[in-house]
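> Next comes the sequence, and after it the predicted model I'd like to discuss.
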Amino acid sequence: MQYSNTVMDQFMNPRNTGQIPDADGVGIIGSEECGDQIRVWIKVQDGKLTEVRHQVFGCPAAIAACSMMTELAIGLTLEEAVNITDNNVADALGGLPPQKYHCSNLAASALHKAIENYQTGQNNGTDTVNITTLVNNIMPAPLLAEHGLSFWIEYGGKNILFDTGQTDALVKNAELLDIDLSKTDAIILSHGHYDHTGGLEAVLKLAPNAIVYLHPDAPKLRYSCPPQKPPKDISMPPTACRKIAESVTKGNVIYTARPESIYPGVTVTGTIPRTTSYEDTGGSFFLDKKSQAPDQLNDDQALTIFTAKGLVVIVGCSHAGIVNTLEYIKTLTQEPIYAVLGGTHLRAASKERLKKTFEAIKKYELKLIAPCHCSGSDVIKEFKNRFSNAFLDIQANIRMTI
């Protein structure tokens with residue numbers, strides 16, 4: 001593989017590397033093709049990019065492309081910078097091998113995401129988000145309850161459905177709550193278990209053009225195999241898989257193994273790294289009935305929403321670990337985390353894990369905590385005891401504005 005002299009110079013002597021601690025905008029992008037990850041920080045003054053810095057975890061071409069991109073971007077107006085293309089970057093490098101051309105696209109895209117992040121902060125500084133619980137294990141009458149989870153999110157003129165519960169209960173509850181599911185713009189699946197994907201078929205019948213965001217591993221067959229009990233299939237239902245396949249043919253499915261910006265201010269985390277020593281998936285999960293292949297649930301992902309108060313984090317079951325989830329989100333953004341809503345899957349957690357989890361969460365100084373679904377009733381009570389000023393009972397507050 002031959003690189004130009006310019007590529008080699010930018011690779012061996014990369015310009016403008018490192019973070020900007022007080023950055024005005026941050027962009028993060030990853031490549032399914034080669035595993036590269038790029039982070040870009042920008043400073044803006046009077047509508048111009050005064051500083052652009054980058055960090056690259058990847059190949060020489062990706063490093064060289066980002067280095068060149070920063071040189072092209074510094075001094076440009078935002079309007080000029082968003083028009084930087086992969087061709088511009090590749091041409092400035094004297095060309096790239098065909099198999100490495102996507103690296104220039106990554107560099108330009110990361111810059112565009114940083115600018116988008118800056119503009120989100122400028123334009124949506126007073127934004128709020130409206131969240132309605134459509135499905136939970138406990139719901140106030142006359143709404144239907146089931147072992148499952150689904151949130152209806154209204155933000156920035158978009159309607160986002162986070163998970164779909166176990167059955168079509170969310171459709172019936174939406175009708176009772178005067179929510180029009182046919183206006184769904186995007187559907188985020190936190191992971192592939194049946195109690196989060198079972199209502200997908202019903203929703204896509206109402207909103208066939210909604211964009212579905214899910215991890216590539218979400219449709220895998222998977223089982224719960226507790227000791228001394230028969231295995232239980234907890235996979236995404238075949239009806240949901242068929243609907244996803246139909247959506248793929250229409251170009252309405254986006255796989256999110258890595259962080260993905262859904263709309264300005266709204267991001268899906270993709271796979272969450274496991275870094276704590278005390279967190280696990282929260283159950284006896286396997287990819288086979290004979291319990292030979294443990295399921296690490298790498299498809300577990302969270303949603304973050306930017307508000308004037310800080311980030312709102314929405315989780316499905318936190319199989320990656322709620323602390324792992326929050327720790328990873330802090331690597332993706334400099335925004336403070338204001339609220340966490342959803343399942344924590346701590347109902348079977350050991351006392352030691354609970355102790356360390358509560359200690360870690362305390363450090364975030366969250367202003368709102370709303371555990372539900374798989375968290376476990378005793379654990380939810382403990383959340384209330386430990387974080388009384390921040391605790392929100394979702395059963396009694398199914399509609400909220402943050």
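Sure, I can see it.

> which ones are touching Gly165?
Going by C-beta atoms under 8 Å, 6 or more residues apart in numbering, Gly165 touches 134-135, 146, 148-150, 195-196, 198-199. Backbone N, C-alpha and C define where each C-beta goes, glycine included.

> Let me know the secondary structure of it.
Secondary structure state of Gly165, per DSSP: H, G, I helix; E, B strand; the rest coil, is coil.

> and the gap between it and Thr239?
Noted for Gly165: a distance of 13 Å to Thr239, by C-beta to C-beta, to the nearest Å.

> now the helix or strand that Lys356 is a member of, how far from the centre of its chain.
For Lys356, the element it lies in under DSSP states H and E is helix 351-362. Relative to the chain's own centre, helix 351-362 is displaced by 23 Å; criterion: C-alpha atoms, centre = their mean, to the nearest Å.

> Check stretch 9-26 too.
That offset, for stretch 9-26, works out to 25 Å (C-alpha atoms, centre = their mean).

> Just the CA atoms of it, as PDB, please.
In PDB, the C-alpha atoms belonging to stretch 9-26 read as follows (Å, rounded to 0.1, in the frame of the first residue of the first chain):
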ATOM      1  CA  ASP A   9       4.300  13.800   6.800                       C
ATOM      2  CA  GLN A  10       0.800  14.300   8.300                       C
ATOM      3  CA  PHE A  11       1.000  10.800   9.900                       C
ATOM      4  CA  MET A  12       4.500  11.200  11.300                       C
ATOM      5  CA  ASN A  13       4.000  14.800  12.400                       C
ATOM      6  CA  PRO A  14       0.300  15.200  13.000                       C
ATOM      7  CA  ARG A  15      -0.900  18.800  13.500                       C
ATOM      8  CA  ASN A  16      -3.300  20.000  16.100                       C
ATOM      9  CA  THR A  17      -3.500  16.900  18.300                       C
ATOM     10  CA  GLY A  18      -5.100  16.600  21.700                       C
ATOM     11  CA  GLN A  19      -8.200  17.800  23.400                       C
ATOM     12  CA  ILE A  20      -9.600  21.300  24.000                       C
ATOM     13  CA  PRO A  21     -10.700  21.300  27.600                       C
ATOM     14  CA  ASP A  22     -13.200  24.200  27.100                       C
ATOM     15  CA  ALA A  23     -14.300  23.200  23.600                       C
ATOM     16  CA  ASP A  24     -17.300  24.800  22.100                       C
ATOM     17  CA  GLY A  25     -18.200  21.700  20.200                       C
ATOM     18  CA  VAL A  26     -17.200  18.000  20.100                       C
END
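
> residues in contact with it?
So stretch 9-26 is contacted by 3, 39-44, 51-56, 60-61, 63-68, 70-71, 74, 93, 114-119, 121, 332-334 (C-beta under 8 Å, 6+ apart).

> do the same with stretch 42-53
16-20, 22-27, 40-41, 69-70, 73-78, 81, 111, 114-115, 118.

> what do you get for stretch 242-255?
Contacts for stretch 242-255 (C-beta under 8 Å, 6+ apart): 32, 200-201, 204, 209-216, 219, 260.

> just how off-centre is it within its chain?
19 Å.

> Now do the same for it: mean pLDDT, whole number.
Averaging pLDDT along stretch 242-255 gives 92.

> for stretch 194-213, same thing?
Throughout stretch 194-213, pLDDT has a mean value of 97.

> which parts of it are buried?
194-204, 207, 210-213 (16 or more other C-beta atoms under 10 Å).

> likewise stretch 39-52?
Neighbour-count burial for stretch 39-52 [16+ other C-beta under 10 Å]: 39-44, 49, 51-52.

> Which single one of those residues is nearest to Thr269?
Arg39 (14.4 Å; C-beta to C-beta).

> Could you spell out the sheet neighbours of the strand or helix carrying the closest one, each with its direction?
According to DSSP H and E, Arg39 maps onto strand 37-45. Applying DSSP bridges, strand 37-45 is found paired with strand 25-30 (antiparallel), strand 48-57 (antiparallel).

> C-alpha coordinates for it, PDB please?
Provided in PDB are the C-alpha atoms of strand 37-45 (Å, rounded to 0.1, in the frame of the first residue of the first chain):
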ATOM      1  CA  GLN A  37     -12.500   6.200  16.100                       C
ATOM      2  CA  ILE A  38     -12.000   9.900  15.700                       C
ATOM      3  CA  ARG A  39     -12.700  12.800  18.100                       C
ATOM      4  CA  VAL A  40     -12.600  16.400  17.200                       C
ATOM      5  CA  TRP A  41     -12.800  19.500  19.400                       C
ATOM      6  CA  ILE A  42     -13.500  23.000  18.100                       C
ATOM      7  CA  LYS A  43     -13.300  26.600  19.400                       C
ATOM      8  CA  VAL A  44     -15.500  29.200  17.700                       C
ATOM      9  CA  GLN A  45     -15.200  33.000  17.800                       C
END
